[in-house]
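1. sequence first, then the predicted structure, then my questions.
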Protein chains: 2
Amino acid sequence: MIRTVDWTEEGVVMLDQRKLPREELYPVFKTHEEVAQAIRQMVVRGAPAIGVAAAFGIALGVRNSKAASLEVLDRDFDSISSVICASRPTAINLFWAADQMKECYTRLRVSGVSRADIPGGLIEKAKALREADIAANRRMGMFGAELIQSEARILTHCNAGELATAGYGTALGVVYAAAEQGKNVSVYADETRPFLQGARLTAWELQRNGIPLTLITDNMAGHFMKAGRIDYVIVGADRIAANGDAANKIGTYGLAVLAREHRIPFFVVAPVSTLDLSLKDGDQIPIEERSGEEVTHLNGVAVAPAGVRVANPAFDVTPHRFISAIITDRGVAREPFVESLAVLIDRG
Amino acid sequence: MIRTVDWTEEGVVMLDQRKLPREELYPVFKTHEEVAQAIRQMVVRGAPAIGVAAAFGIALGVRNSKAASLEVLDRDFDSISSVICASRPTAINLFWAADQMKECYTRLRVSGVSRADIPGGLIEKAKALREADIAANRRMGMFGAELIQSEARILTHCNAGELATAGYGTALGVVYAAAEQGKNVSVYADETRPFLQGARLTAWELQRNGIPLTLITDNMAGHFMKAGRIDYVIVGADRIAANGDAANKIGTYGLAVLAREHRIPFFVVAPVSTLDLSLKDGDQIPIEERSGEEVTHLNGVAVAPAGVRVANPAFDVTPHRFISAIITDRGVAREPFVESLAVLIDRG
């Protein structure tokens, strides 16, 4: 299994995904500020992986805290958590993980754990969140694989695999589970401009795991759907509103429209930690706007004229009516999502 | 006006579009083989520009011919034309231009023109085709601009501008004509992977012509349509079948589906030389498959793991039912295209 995010005594170790597929490097981030910057700069990306990195980052910050008293540590905790939470706005898993760590911290404080033992408690919690993410992904894979026929050709966008999670993956977890069941699945991987997560990460990960794949540019998806070459579209999500509207990597919405036009099932795979039932619909999900340089420069070389105006929203929102099913770690939700998602949350 | 393709005494001069936007170079191609290779390697691209380059290439080949007798020249003509026609398969304008040159050659032969005067006659014909292309583009611009309201925000794909034609452009000709009429138009330009004609060429050309533009990646189009930021989609075409099905740069079909979903008019702009009424529908249009390296390598650097399987169809076909109007140099065709296009051809 790829070591996407993990804990070491020196700090948080993460596979530097900006360097893939050319180099497989595992730098260690030794402060919570470094972890926040790594999330912002996309050393690690993918909503569940960001959540785990955030949990480790908070634990790391508390371990590094010089606070002598518990009262000062309380203030440090909130400040550390704020730094981590300011890294990226769209993936709810980041805030969910921070909430989990805050709950753990409060529990440790209430139960009278000593100043010295608090960091260890938080590190254990972050490790448990990491293990829970892998277990959740395996469950989603199992639920999802039941929906997939053999010989299925699956289109995916961005990377929702091992590299986007603590391990196994969400959308690609379904692919792996289907393959483990002996279903002879293959993947069409969108390259996913501008950051090329499909070309750089999904292609690398699938190759490594022996899953047959064809790499395409994002704008080819419609052509291959029309040609009858795609049986399912399966993607991850960064935040899902109460009505099932799902934010995911820019381009997902276009695929959903194309999938419906071609009567191809469109599945979103995400753990319940991706649900944000505080939002009525997807219009309220904040969409991160990233630097235009991600579009205008490739490998540091300009591919567009200087001074050109660029838009670079990192995510879009797919309205629930385009989604055939949301596959979670607690089961499969279908329309009406506003009811089925609430049932899954209550099941927790 | 940009000198996309032109004649000089030394041969065919073309702006090397592979080098834009970083360098603006005008190499001269001195044999018809060099012209064919330049078309294949996309020094020049865009269906109408390919047509003009092909005409000049044939004239150049004949001018360079060592044939002493007219009978040998006849064979040389066919061989030269074959080399030019083998360069790229999808754009019908290439074959249309070769037919025009063949007709001219036959006319010169039948009318008893001397061996020495034949090259000059062909060069004049190619120059006339170039001028006719510019004039056709201005007419299309005029017809198209009538369909565009002021303050329109126009999404375009690939480059169907000055750089894709002898001058003025097809899809972008409509933009220029609307701007000349004082309509305050702006453009969203898809970057157009894998060759990045939008980022490299359309952005450069629009900037140079003072048209406000926003560069986006191909997969953002749906997001901006849903946000109400696009009023029209306007594209060119490489070949249009009798029923109105239109082949154009890969990704066009996806935009057409998205445009219909959002009730946005979708216009195809192309001269009648792009019509291929010998084909009943778009399924019969040959689609060029290009090297996978165009997808896996950017500026010579690999962005995907070695050995990955890649698909790289250069074009897709948009079924006529997604097309609101086909704007030609002889007027605007609407459904049923099988009738309206036939009327336009008869008008010639």
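-> Cool, got the structure. Residues are numbered from 1 along each chain as shown, chains lettered A, B, ... in the order given.
2. can you give the domain ranges for chain A?
-> As assigned by automatic domain parsing, chain A contains the domains A:5-137, A:147-346.
3. rebuild these as JSON lines, extending it with distance to residue B:248.
-> Heads up, the C-betas are built off the backbone N, CA and C, glycines and all. As requested, these are arranged in JSON lines below (distance: least, CB to CB, whole Å):
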{"stretch": "domain A:5-137", "distance to residue B:248": "32"}
{"stretch": "domain A:147-346", "distance to residue B:248": "11"}
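4. just name the most buried of those.
-> domain A:147-346 (a mean of 22; mean count of other CB atoms under 10 Å in any protein chain shown).
5. so for that one, mean pLDDT?
-> The average pLDDT within domain A:147-346 is 97.
6. hmm, back to that, want to throw the domains of chain A into TSV with distance to chain B?
-> As requested, the domains of chain A are exported to TSV (distance: least, CB to the nearest CB, whole Å):
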stretch	distance to chain B
domain A:5-137	4
domain A:147-346	3
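7. ranges for the strands of the stretch 101-250 of chain A?
-> A:153-156, A:186-190, A:213-216, A:232-235, A:239-241, A:246-249 (DSSP state E, counting those that start in this stretch).
8. to residue B:245, which of these lies closest?
-> strand A:213-216 (21.8 Å; CB to CB).
9. neighbouring strands for that closest one, and are they parallel or not?
-> Partners of strand A:213-216 in the sheet, by DSSP bridges, are strand A:186-190 (parallel), strand B:309-310 (parallel).
10. of all the strands of the stretch 101-250 of chain A, which lies closest to residue A:63?
-> The nearest among those, by CB to CB, is strand A:239-241 at 29.1 Å.
11. which residues sit against the closest one?
-> Under the contact criterion CB atoms under 8 Å, 6 or more residues apart in numbering or on different chains, strand A:239-241 has outside partners A:47, A:90-92, A:246-247, A:268, A:270, A:274-277, A:279-282, A:284-285, A:326, A:341.
12. show me what whichever helix in chain A runs longest is packed against.
-> The helix spanning the most residues in chain A, taking DSSP state H as the definition, is helix A:118-145. Helix A:118-145 sits against strand A:5-8, helix A:47-64, helix A:92-110, helix A:171-180, strand A:266-269, strand A:325-328, strand A:331-333, with contacts defined as 3 or more CB pairs under 8 Å, 6 or more residues apart in numbering or on different chains; DSSP states H and E.
13. out of those, nearest to residue A:205?
-> helix A:171-180 (6.9 Å).
14. so which elements touch that closest one?
-> Going by 3+ CB pairs under 8 Å, 6+ apart, helix A:171-180 lies up against helix A:118-145, strand A:153-156, helix A:203-208, strand A:232-235, strand A:266-269.
15. residue A:301 reaches residue B:300, doesn't it?
-> No. Under the criterion of CB atoms under 8 Å, residue A:301 is not in contact with residue B:300, lying 9.2 Å apart.
16. measure residue A:132 to residue A:10 for me?
-> 24 Å (CB to CB, to the nearest Å).
17. then residue A:228?
-> 52 Å.
18. once you drop chain neighbours, what's closest to residue A:169?
-> Take residue A:169 and drop its neighbours on the chain: the residue closest to it by CB to CB, 6 or more residues apart in numbering or on different chains is residue A:161, 3.7 Å away.
19. cool, residue A:121 as well?
-> Nearest one to residue A:121, counting by CB to CB, 6+ apart, is residue A:108 at 4.7 Å.
20. chain center to the longest helix of chain A, what's the gap?
-> Distance of helix A:118-145 from the chain centroid (CA atoms, centre = their mean, to the nearest Å) equals 13 Å.
21. kindly report the same for stretch A:13-27.
-> 17 Å.
22. then that stretch to CSV, C-alphas only?
-> Listed next in CSV are the C-alpha coordinates belonging to stretch A:13-27 (Å, rounded to 0.1, in the frame of the first residue of the first chain):
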residue,chain,number,x,y,z
VAL,A,13,5.5,11.9,6.4
MET,A,14,3.7,12.3,3.1
LEU,A,15,4.3,11.2,-0.5
ASP,A,16,5.0,14.4,-2.4
GLN,A,17,2.3,14.1,-5.1
ARG,A,18,3.6,17.1,-7.0
LYS,A,19,6.7,15.1,-8.0
LEU,A,20,4.8,12.1,-9.3
PRO,A,21,5.2,10.2,-11.5
ARG,A,22,8.8,11.2,-12.0
GLU,A,23,10.0,10.9,-8.4
GLU,A,24,8.6,9.1,-5.4
LEU,A,25,9.7,11.1,-2.5
TYR,A,26,8.5,11.0,1.1
PRO,A,27,9.4,14.2,2.9
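23. how about residues contacting that stretch?
-> A:2-7, A:28-29, A:38, A:41-45, A:53, A:163, A:197, A:200-201, A:203-204, B:302-305.
24. what mean pLDDT does it have?
-> 97.
25. the closest residue to residue A:301 other than its chain neighbours: what's it in contact with?
-> Spatial nearest neighbour of residue A:301, excluding adjacent residues (CB to CB, 6+ apart): residue B:299 at 4.7 Å. Applying CB under 8 Å, 6+ apart to residue B:299 gives the contacts A:298, A:299, A:301, A:303.
26. same question, residue A:188
-> Contacts of residue A:188 (CB under 8 Å, 6+ apart): A:153, A:154, A:155, A:156, A:213, A:214, A:216, A:221, A:224, A:229, A:230.
27. run through the bridge partners of it.
-> residue A:155, residue A:214.
28. and the helices and strands packed on helix A:171-180 as JSON lines, adding distance to residue A:173?
-> Output for those, formatted as JSON lines (distance: least, CB to CB, whole Å):
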{"stretch": "helix A:118-145", "distance to residue A:173": "4"}
{"stretch": "strand A:153-156", "distance to residue A:173": "11"}
{"stretch": "helix A:203-208", "distance to residue A:173": "11"}
{"stretch": "strand A:232-235", "distance to residue A:173": "10"}
{"stretch": "strand A:266-269", "distance to residue A:173": "7"}
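29. ok, which of those comes nearest residue B:65?
-> helix A:203-208 (49.0 Å).
30. what does the closest one rub up against?
-> A:2, A:20-21, A:159, A:161-163, A:169, A:172, A:175, A:187, A:189, A:212-213, A:215, B:304-305, B:307-308.
31. next up, phi/psi of residue A:81, please.
-> phi -60, psi -40 (degrees, to the nearest 10).
32. tell me who's in contact with it.
-> Residue A:81 touches A:58, A:98, A:101, A:102, counting by CB under 8 Å, 6+ apart.
33. which one of the residues you listed sits closest to residue A:86?
-> residue A:98 (10.6 Å).
34. isn't residue A:127 up against residue A:7?
-> Yes. Contact criterion CB under 8 Å: residue A:127 and residue A:7 qualify, at 6.0 Å.
35. check the spatially closest residue to residue A:57 that is not a sequence neighbour and give its pLDDT.
-> Closest residue to residue A:57 apart from its sequence neighbours, by CB to CB, 6+ apart: residue A:35 at 3.3 Å. Per-residue pLDDT puts residue A:35 at 98.
36. which ones are touching residue A:87?
-> A:36, A:37, A:39, A:40, A:50, A:54, A:94.
37. show me which pair in the residues you listed is furthest apart.
-> A:37 and A:94 (13.9 Å).
38. which other residues reach the helix or strand containing residue A:339?
-> Taking DSSP states H and E as the criterion, residue A:339 maps to helix A:337-346. The contact list for helix A:337-346, computed with CB under 8 Å, 6+ apart, reads A:240, A:242-244, A:272, A:275, A:277, A:320, A:323, A:326, A:328, A:330-331, A:333-334.
39. repeat the analysis, applying 6 Å as the threshold.
-> Contact with helix A:337-346 is made by A:242, A:243, A:244, A:275, A:320, A:328, A:330, A:331, A:333, A:334, as judged by CB atoms under 6 Å, 6 or more residues apart in numbering or on different chains.
40. circling back to that earlier point, of the helices and strands packed on helix A:171-180, which is nearest residue B:294?
-> Closest of those to residue B:294 is helix A:203-208, at 15.4 Å (criterion: CB to CB).
41. export that closest one as PDB, just CAs?
-> Taking Å, rounded to 0.1, in the frame of the first residue of the first chain, the C-alpha atoms of helix A:203-208 are listed here in PDB:
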ATOM      1  CA  ALA A 203      -2.300   6.500 -14.200                       C
ATOM      2  CA  TRP A 204       0.700   5.900 -11.900                       C
ATOM      3  CA  GLU A 205      -1.400   4.300  -9.100                       C
ATOM      4  CA  LEU A 206      -3.500   2.100 -11.500                       C
ATOM      5  CA  GLN A 207      -0.300   0.900 -13.300                       C
ATOM      6  CA  ARG A 208       1.200   0.000 -10.000                       C
END
